[in-house]
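> Got a sequence here, can you build the structure:
(2 chains)
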Amino acid sequence: MPMKASLSWLREYVDIDAGAQILADALTMVGLEVETMVDRYAYLVDVVVGRIVDVTSHPEGPGLSVCKVDTGKEMRSIVCGATNVRKGHFVPVALPGAHLPTDQKIAVGRIRGEVSEGMLCSEAELALGTEGGGVLLLPETARPGDTLATVLGLSDPVIECGITPNRSDCLSIIGIAREVAAIFKKPLTYPDVRLPEGKEPIDTVASVTVDAPDHCPRYVARVLSDVRIGPSPFWMQDRLRSVGLRPINNVVDVTNFVMMEVGQPLHAFDFDHLAENRIVVRTAGTGQVFTTLDGAQRELPADALMICDGKRPVALAGIMGGLDSEIEEGTKRVLIESAYFNPITIRRTAKRLGLSTESSHRFERGVDPAGTVRAADRAAQLMVELAGGSLAAGVIDAHPKPTPKQVIDLSVRRTNRLLGTSLGQAQIASHLRSVELSVEVLDEDRLTVTPPGFRVDLRRPEDLMEEVARLNGYDQIPTTLPVSQVVAFKEEKGLEVRDRLREILVGCGFSETISYSFIGRNHCDMLLLADDDVRRRMLPILNPLTEDQDMMRTSLLPGLLTTMLKNSTQRNENLRVFEIGKVFYESGRGPLPDEVEMVSGLWTGARRERAWHSKEYEVDFYDIKGVVETLCAGLGVSPVRFSAAEEREIPHLRPGRAADVFVGKSRLGSVGQVAPQVLENYDLKRSAYCFDVNFDILVGLMKTEKMARPIPRFPSTTRDLALILEDAVETQSILDFFGRQDQPLIEKVEVFDVYTGAPVPTGKKSVALRLTYQSFERSLTDSEVNEIQASLTDKTLKQFDAQLPVK
Amino acid sequence: MRPPVLRVGALRNSMKEILEQAEQEALQALASAKDQPAVEGLRTRFLGRKGLVTQCLRQIPSVPPEQRPAMGRLANEVKQRLDQAFQAVLSHLEAHRRPAGALDVTLAGRSFARGRLHPITQTTKRVCEIFLRLGFQTVEGPNVELDYYNFEALNIPKDHPARDMQDTFYVSDDVVLRTHTSPMQIRVMEKQPPPVRIIAPGKVYRCDSDVTHTPMFHQLEGLMVGDNISFGDLKGILTVFVHQMFDPETSLRFRPSFFPFTEPSAEVDIRCVMCRGRGCRVCSNTGWLEVLGAGMVHPAVFEMVHYDTDRYTGFAFGMGIERIAMLKYGIDDIRKFYENDIRFLEQF
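Below you'll find the predicted structure:
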């Protein structure tokens, strides 16, 4: 809730000669950030001076006249209902396009057949006074066409400050004026409060009992009799409007005015509606319902603080009054409440009820317990002035829990140490005194500082140091670089791995995406996860923004599939995307979930788009597998093994095109083609391949150290071997078989061709292998290599029940 | 192409005109000749045995004697000039002859697919690198956080109005999605004694969603604690950061603000990088952009982690990565970061 203050209102308390912009900048630089600044009379931009040149009566409208008005640039014909229009008068003319505070929008129109090109305005219509009976007459020195604001000297900038939660003292005009006074080194003038008290002592009229002193440390009341309820005078209404409040009646207006002026929220009760003429402050108790003055019935939390009369609750303390004790037209006697409520009490109830008012906003942040009497007095003074009546003598001041005075020791040396300044003791003391802190010099280093009651934010020396810093100007603090010990640290391994991983994937043509960490619970079903899948252990958010963001994600795949959908609706059909991010599992152990970092990727569309040199190739299983191999190789994670997944083991992948990725015994993740049913669940048409790898495991397996190996000085030699064997035999098992042969001269074995179809018999395949032989000691002879090759061939044929191809 | 026939009757009157016209015509045709055969054809047409210029030369004897020397000179000059012109074009063509089997080098090369890092990643890296050079260590922590670390230990008790500054997602009464990266201050200080010099980038969450807010976004927290660390030092470190991140001419403005876990607290504005302070839509005509929150670590926070408040002082700061990225890349809608439209991602 920003705080508004008009320059003219501020000037009641401090003599400002600076311009509005300078003032706004200065306030921003002491911590009251001026968010906007608008002239109150900006609405008068389309209201100009007009001279009436001719008045004729309206032929069709009795009582109406048609005026010819010179508005400087042109002559306008304006129909007017006022009786005080005469030839030669200077009057305000609202031109078409004007938008008046009475919510009238002026346009060219016809009134009973006569053209009317504007409106002649009364004081009330322009919100410049209460007189609404006739058109406002302007001095004859005015020139037609001049804007009304210029002629009447109307200009009053209203600044709107964002007030941080610690500065409740600035939720008032005087609070802001105090800052202005400190900045410009001017005195602050408080309003003169003089009370015309009557004879009747208040104690004989009313009483206050505080049953909940913790919630209500202080309750001050005054009583007025024989008031006359009516509208406030214009100056009062004008002040309230300038800060965005709506005038209601003289008594209520005074309570609002004083709240704005000094920051103390007040409440005015119709005293005749208070049973037994007394006030009891207590908590609501269970199951209470109360109707606030906005007409809403509210169920009260048991610890809500209530203002009650002798019988029942009459106000929701510090938040809103009750409907039954509201000030009405016939109200004769008024009880003014000026209390200090416990900020936490008010905040809890306001939060619980979802009800925030100007009053609760201030109480929650803390008002000045010492200012309650003064505020009640100020209100009483104004009420007598505005609504007449007589004031009971004295004030009821129930003060069951006085607030201890804060006394803070401040060291000049430590202040300068924290700020990096070299301010003198006198300078520091003077800054603090400029905002009404009382300062005593203890010795050459120490000051004893007592903040005033309205500065609830000042409790520690550091709070005072901030006061000194901001009043002296943050821009006055020298900009330095820290002189500090060198600390050698090692970057966390994960950070480095993540960076390398990103580079590898970008090199593979994958672009990085970031999706929200929360998803809808339906994604588990969409991924076809089994009932006991760990990814169903989702962490729910109690207050999600939307239903489809109500769970912490347990997989990155929903984000990638959703990204694919969003892109395909934009016709971005070819997509290579990845995400590195955390997933969250309900741990069941402590209050916090397990956070596991994953890296997942999705590839759909073309492996290579059609170009002049190439057809378009659709991505397939071995493309995505190649990505996983590349990223493992790039990170030095080995040996990586892929093994065919069981039918329902990886539910989101298509059976037969799904593999588990292992490094040793650790399962790194999965890779494969997205199952057709999953695609359908995400409304996707084109086939897609994805990998899903546990980043934390990857980090653990990564080898950061590298050792050089010697490069052989002797040439290698190769032999090919083609095998016809059962289609179901996995090539990995053949490679493993060679690995087990303990044949040191075999450097590597690679599959360089796989073929099915004629002349290979149905159900079989041909696998072509290339064996590389290498010795570090000598050049190998053909005969020794042939011998090994022949023996291996025999063993292989037997092992796999394979044949050699028919030549 | 048949050579034009020279009509003698016409010649008598204007051999000069014919020669001049022939020269002009030849040069024009030469200018658009693309290859050697075309040039040779032109040479034959104009200078060949039956060529126009040759014919003129042959006709010289029939020109009246008083004009003969001049006409002869002119005809020879034209012949010479054309000869030179043809030769020049031929040698130019020779020099620029396309070798046999030449490729169309303008055809697109076989491209390699190139992925991009997310602009948030790129921005985070740039920010981290600057602080790394200043000796700050990068640390990371949980996204789902205890209320204690997110609020209580940062001097934001329950029922404190400062909680209104952040709309919190709750997982339970005591567990929240962290609303800022500041809990890392506590987690680090709990584990290690001063000196501390860390940055903590990461995801944070607040229930808010519009053109300038997404429910998840990224922050980077900084913390430096040691002997005699001052507010002036905070100004110095952040000035270095802004100058390296934006440009060394960018001016900064520190103004008082409020965070429960720092005292004194500051908001840091930089001169609008779009309009250089003249006022524009991006800076709401103020000429300034709010980019950082900062302050001296509140003694209540030090007490929470049992640091000696008499001895140590420190500063902390925090910034929104999206905010920085939007300014650096000229992005006007924060939601674009999370739509993952490949046409957006590929721009960075």
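
> Now stretch A:509-529: buried residues?
A:509-520, A:523-524, A:526-529 (16 or more other Cβ atoms under 10 Å in any protein chain shown). Yep, even glycine has a C-beta here, placed from its N, CA and C like the rest.

> same check, this time on stretch B:199-218
B:199-207, B:214-218.

> from those residues, which has minimum pLDDT?
In terms of pLDDT, the lowest of these is B:Cys207, showing 91.

> Let me see the contact set for that residue.
Applying Cβ atoms under 8 Å, 6 or more residues apart in numbering or on different chains to B:Cys207 gives the contacts A:543-545, B:167-169, B:215.

> So which of the residues you listed wins on neighbours?
Of all the contacts of B:Cys207, B:Phe169 has the most neighbours under the rule other Cβ atoms under 10 Å in any protein chain shown, reaching 24 neighbours.

> ok now the longest strand along chain B, how far from the chain's centre?
Assignment by DSSP state E gives strand B:216-227 as the longest strand of chain B. Centroid separation between strand B:216-227 and its chain, computed with Cα atoms, centre = their mean, to the nearest Å, is 28 Å.

> Report all helices and strands that the next helix or strand after it contacts.
Scanning forward in sequence from strand B:216-227 by DSSP states H and E, the next helix or strand is helix B:231-245. For helix B:231-245, the elements it packs on are helix A:412-419, helix B:119-133, strand B:216-227, strand B:252-259, strand B:262-271, strand B:288-297, strand B:312-320, judged by 3 or more Cβ pairs under 8 Å, 6 or more residues apart in numbering or on different chains; DSSP states H and E.

> I'd like to know if the third one reaches chain A anywhere along the stretch.
This means strand B:216-227. Yes: using Cβ under 8 Å from any Cβ of the partner chain, strand B:216-227 reaches chain A at B:216, B:224, B:226-227.

> quick one, helices of the stretch 1-150 of chain B?
For the stretch 1-150 of chain B, applying DSSP state H, counting those that start in this stretch gives helices covering B:8-31, B:36-47, B:52-59, B:68-95, B:119-133, B:147-150.

> would you turn the ones you listed into TSV with distance to chain A and mean neighbour count?
What follows is the helices of the stretch 1-150 of chain B, written out as TSV (distance: least, Cβ to the nearest Cβ, whole Å; neighbours: other Cβ atoms under 10 Å in any protein chain shown):
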stretch	distance to chain A	mean neighbour count
helix B:8-31	33	15
helix B:36-47	30	17
helix B:52-59	47	19
helix B:68-95	29	15
helix B:119-133	6	18
helix B:147-150	9	20
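
> Kindly report which one of those carries the lowest mean pLDDT.
Among these, helix B:8-31 has the lowest mean pLDDT, at a mean of 75.

> Tell me the spacing between the closest residue in space to B:His243 that isn't next to it in sequence and chain A.
Closest residue to B:His243 apart from its sequence neighbours, by Cβ to Cβ, 6 or more residues apart in numbering or on different chains: B:Thr250 at 6.3 Å. Per Cβ to the nearest Cβ, to the nearest Å, B:Thr250 is found 14 Å from chain A.

> Surely B:Thr250 and B:Val242 touch.
Yes: with contacts counted by Cβ atoms under 8 Å, B:Thr250 reaches B:Val242, the gap being 5.5 Å.

> Which one of these two is surrounded by more residues?
B:Val242 (22 against 18).

> quick one: the more buried one and B:Leu252 touch, right?
Yes: counting by Cβ under 8 Å, B:Val242 sits close enough to B:Leu252 to count as a contact (5.6 Å).

> so what sits against both of these two?
Counting by Cβ under 8 Å, 6+ apart, the residues touching both B:Val242 and B:Leu252 are B:268, B:270.

> re earlier: in helices, which of the buried residues of stretch B:199-218 appear?
If you go by DSSP state H, those have nothing in helices.

> Name the helix or strand for A:Val449, please.
Element membership for A:Val449 (DSSP H and E) is strand A:446-450.

> Quick one: list the elements packing against that strand.
Here strand A:446-450 touches strand A:408-411, helix A:425-434, strand A:438-441, going by 3+ Cβ pairs under 8 Å, 6+ apart.

> how many neighbours does the closest residue to A:Asp39 other than its chain neighbours have?
Nearest non-adjacent residue to A:Asp39, counting by Cβ to Cβ, 6+ apart: A:Pro157, 5.3 Å away. Per other Cβ under 10 Å, the neighbour tally for A:Pro157 reads 20.

> again with the one 3 residues further on
The tally of other residues near A:Glu160 (other Cβ under 10 Å) stands at 17.

> Quick check, it in contact with A:Pro2.
Yes: between A:Glu160 and A:Pro2 there is a contact under Cβ under 8 Å: 4.7 Å.

> Check the gap between the closest residue to A:Asp214 other than its chain neighbours and A:Ser733 for me.
Nearest non-adjacent residue to A:Asp214, counting by Cβ to Cβ, 6+ apart: A:Asn342, 6.3 Å away. Distance, A:Asn342 to A:Ser733, by Cβ to Cβ, to the nearest Å: 76 Å.

> re the thing from before, now do the same contact list for the residue nearest to B:His243.
Shown in contact with B:Thr250 (Cβ under 8 Å, 6+ apart): B:242-243, B:270-271, B:273.

> quick one, what contacts A:Val384?
So, once contact is read as Cβ under 8 Å, 6+ apart, A:Val384 ends up touching A:195-196, A:224, A:390-391.

> where does it land in three-state SS?
Secondary structure, DSSP: H, G, I helix; E, B strand; the rest coil: A:Val384 is helix.

> Could you pull out the helices in the stretch 551-700 of chain A for me?
Using DSSP H, counting those that start in this stretch, helices in the stretch 551-700 of chain A cover A:557-569, A:621-635, A:676-681, A:695-701.

> mind putting the ones you listed in a markdown table, mean pLDDT included?
Compiled in a markdown table, those are given as follows (pLDDT from 0 to 100):
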| stretch | mean pLDDT |
| --- | --- |
| helix A:557-569 | 97 |
| helix A:621-635 | 96 |
| helix A:676-681 | 97 |
| helix A:695-701 | 93 |
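
> Highest mean neighbour count out of the ones you listed?
helix A:557-569 (a mean of 22; mean count of other Cβ atoms under 10 Å in any protein chain shown).

> just checking, what packs against that one?
Identification of packing neighbours for helix A:557-569 by 3+ Cβ pairs under 8 Å, 6+ apart yields helix A:523-526, strand A:575-585, strand A:594-604, strand A:688-694.

> Quick check: phi and psi at the closest residue in space to A:Val30 that isn't next to it in sequence.
Nearest non-adjacent residue to A:Val30, counting by Cβ to Cβ, 6+ apart: A:Arg470, 5.1 Å away. Here is the backbone geometry of A:Arg470 (degrees, to the nearest 10): phi -70, psi -30.
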